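In: sequence first, predicted model second:
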Amino acid sequence: MERSAAFTAVSGWGIVVLGSTAVAVAVLAGRQVSPFAWLRVWLGEGVVAVAIALLSCTWKANRNGLPLFSGPARKVALGLAPPLVAGAFLTFLLFRSGMQTAIPAMWLLLYGAGIMTGGSFSVSIVPVMGLCFMLLGGLAALGPVAWGNWFLAAGFGGLHIVFGLLIARRHGG
């Protein structure tokens, strides 16, 4: 029965906090003078975001008496991990090749793909969030490269805040 259940320890408030830090980081990253400094700021945000997500999911699971490392949680992690690992390697490749302007679109697309696949084992709004990330990533791929940082702000900031509020309201925090 555990294997058929959805992963419900997704913390909407944790996602809101994660989105808020991303908005602040977008402002900071936009002020960087070199591509490497910009990348370091966003990679630092990635580390902070993972910590916020893990801590907030742990807190919600403990508060609700749910097992954090259940069958559905493993499925979420296994669906999310491959696109994130691919994104890490592609980030290195694109930056090394001088194609750093492609990084925002690639991050949004792969994160969206991971959220869609992993989110299929979670509450129903999570895959919708992944789809929105992919659509924004598509816009970033087609839009002006100078807007890349602001596409990241809209995705990792705005989408996380909006969907975090929806998850908090509909799924108990």
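Out: Nice, thanks for sending it over. Note that the coordinates shown come from a computational prediction; the quantities given were computed from them, not determined experimentally.
In: what segments of this structure are helices?
Out: For the chain, the helices defined by DSSP state H cover 12-30, 35-64, 71-96, 103-119, 125-142, 148-152, 160-170.
In: what residues sit buried inside the longest one?
Out: Right, the one you point to is helix 35-64. Judged by neighbour count using 16 or more other C-beta atoms under 10 Å, the buried positions of helix 35-64 are 38-39, 41-42, 45-46, 49, 52-53, 56-57, 59-61. Every residue, glycine included, has its C-beta placed from N, CA and C.
In: circling back to that earlier point, can you redo the helices of the chain as a markdown table with mean pLDDT?
Out: Below are the helices of the chain laid out as a markdown table (pLDDT from 0 to 100):
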| stretch | mean pLDDT |
| --- | --- |
| helix 12-30 | 95 |
| helix 35-64 | 89 |
| helix 71-96 | 90 |
| helix 103-119 | 94 |
| helix 125-142 | 96 |
| helix 148-152 | 97 |
| helix 160-170 | 92 |
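In: dump the buried residues of helix 35-64 into CSV; add distance to Leu94 as well.
Out: Below are the buried residues of helix 35-64 laid out as CSV (distance: C-beta to C-beta, whole Å):
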residue, distance to Leu94
Trp38, 13
Leu39, 10
Val41, 17
Trp42, 13
Glu45, 18
Gly46, 15
Ala49, 20
Ile52, 26
Ala53, 24
Ser56, 30
Cys57, 30
Trp59, 35
Lys60, 35
Ala61, 35
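In: which one of those sits closest to Gly148?
Out: Gly148 lies nearest to Trp38 out of the buried residues of helix 35-64, by C-beta to C-beta, at 9.2 Å.
In: one step back: what is the nearest of the buried residues of helix 35-64 to Gly98?
Out: Proximity of the buried residues of helix 35-64 to Gly98, judged by C-beta to C-beta, is greatest for Leu39, which lies at 12.4 Å.
In: quick check: closest non-adjacent residue to the closest one.
Out: Phe95 (6.1 Å; C-beta to C-beta, 6 or more residues apart in numbering).
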